[in-house]
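> structure for this input, please:
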Amino acid sequence: MRPRRFLPSLSLLLAFEAVMRAKSVSAAARELDLSQSTVSRLIQNLEAQIGQPLFHREHKRLIPSDAANRYFADISRALDMVQRASMGLATNASGGSLSLAVLPTFGTRWLAPRLSGFFDAHPGVSINLATRVKRFSFDVEPFDAVIFFGAADWPGADYLKLFDESYTACASPGFLARHPIASAEDASRLPLLQLETRGPAWEQWFAGQGLATDASPGMLMDQFSMMIQAAISGLGIALLPDYLAQMEIAEGRLEKVLTPAIVGGGSYWLAWPQEKQSYAPLQSFRDWIAQAS
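Modelled structure (predicted):
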């Protein structure tokens, strides 16, 4: 049994969350379609139930305490989890849903074009996608699984390796017409576009061409989609995962530079909390993506 004292009603929590987010009782009251006095009373009832003041009262204004700010972060996550669970049940009561965090460009360029195959095989399962670039804790973020790049070192998770990353250097036809590249030495003297999460990538690529060089990469970017557009615009040579380079190369917007597909130093992984191991939608997705990759 959970002590009722530490399980405030949803009306109390929604009032608190709205006041914290809207930063005023009047704005929260308009959002909740309640009177200001009702919202104030709900806040007082919440403070009385948990035995902790959450706001300082100054001239009819509520100033959140440090405790309120900490409580707000936890309550917001909890309400978000309840909302996600309810939405998943309402939209797909029979098959279940999978909340999946994915790298932005991987999601749009590799995963999304293949997802129809998953839905054909598992019509009862829905997938909720959200992009995440940086690592997070499954205890904090309400995800069932994540697709990430790197090594199998996500804390408290189990893993499925999808594939190793291979690099292909690419540049626009116009850039290559202005800067012909016959050797790795030629490439080392040109602007080299770099992704901030792939620090050693150019060193690995030049080593794969048989050249040890201290060439300094140029523009630093945080997403491959930005790098692709920069290369198409003629700003330099992009070093792209092979699966990302294929579309632009096929369409003629980029061309390969020297030897393609040099194996890099990381892999793509599916990871999930250990307690989710037997969750049916995750099992279905895990089995499917193991075949798709």
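
> how about residue 231: what's its closest non-neighbour residue?
Taking C-beta to C-beta, 6 or more residues apart in numbering as the measure, residue 231 lies nearest to residue 238, with 3.6 Å between them; neighbours along the chain are not counted. Every C-beta, even on glycine, is put in place using the N, C-alpha and C of the backbone.

> so that neighbour sits right up against residue 253, yeah?
No - the criterion here is C-beta atoms under 8 Å, and residue 238 misses it with residue 253 at 11.1 Å.

> looking at the two, which is more packed in?
residue 238 (30 against 15; other C-beta atoms under 10 Å).

> and the gap between the residue nearest to residue 231 and residue 172?
When distance is defined by C-beta to C-beta, to the nearest Å, residue 238 is 9 Å away from residue 172.

> got any residues that touch both of these two?
231, 254 (C-beta atoms under 8 Å, 6 or more residues apart in numbering).

> pLDDT on whichever helix in the chain runs longest, on average?
When the chain is scanned for its longest helix (criterion: DSSP state H), the result is helix 66-91. Average pLDDT, helix 66-91: 82.

> and that helix, what does it pack onto?
Helix 66-91 is packed against helix 10-22, strand 97-102, strand 126-131, with contacts defined by 3 or more C-beta pairs under 8 Å, 6 or more residues apart in numbering; DSSP states H and E.

> hey, C-alpha coordinates of the longest strand along the chain in PDB?
Under DSSP state E, the strand in the chain containing the largest number of residues is strand 157-171. The C-alpha trace of strand 157-171 is given here as PDB (Å, rounded to 0.1, in the frame of the first residue of the first chain):
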ATOM      1  CA  ALA A 157      20.600  -0.900 -20.100                       C
ATOM      2  CA  ASP A 158      20.700  -3.900 -22.300                       C
ATOM      3  CA  TYR A 159      21.800  -3.600 -26.000                       C
ATOM      4  CA  LEU A 160      21.400  -4.800 -29.500                       C
ATOM      5  CA  LYS A 161      24.100  -3.800 -32.000                       C
ATOM      6  CA  LEU A 162      22.600  -2.500 -35.300                       C
ATOM      7  CA  PHE A 163      25.700  -1.800 -37.400                       C
ATOM      8  CA  ASP A 164      29.100  -0.300 -37.400                       C
ATOM      9  CA  GLU A 165      29.500   3.200 -38.900                       C
ATOM     10  CA  SER A 166      31.500   3.600 -42.100                       C
ATOM     11  CA  TYR A 167      32.500   7.000 -43.400                       C
ATOM     12  CA  THR A 168      32.300   8.300 -47.000                       C
ATOM     13  CA  ALA A 169      33.800  11.600 -47.900                       C
ATOM     14  CA  CYS A 170      31.700  13.700 -50.200                       C
ATOM     15  CA  ALA A 171      31.700  17.100 -51.900                       C
END
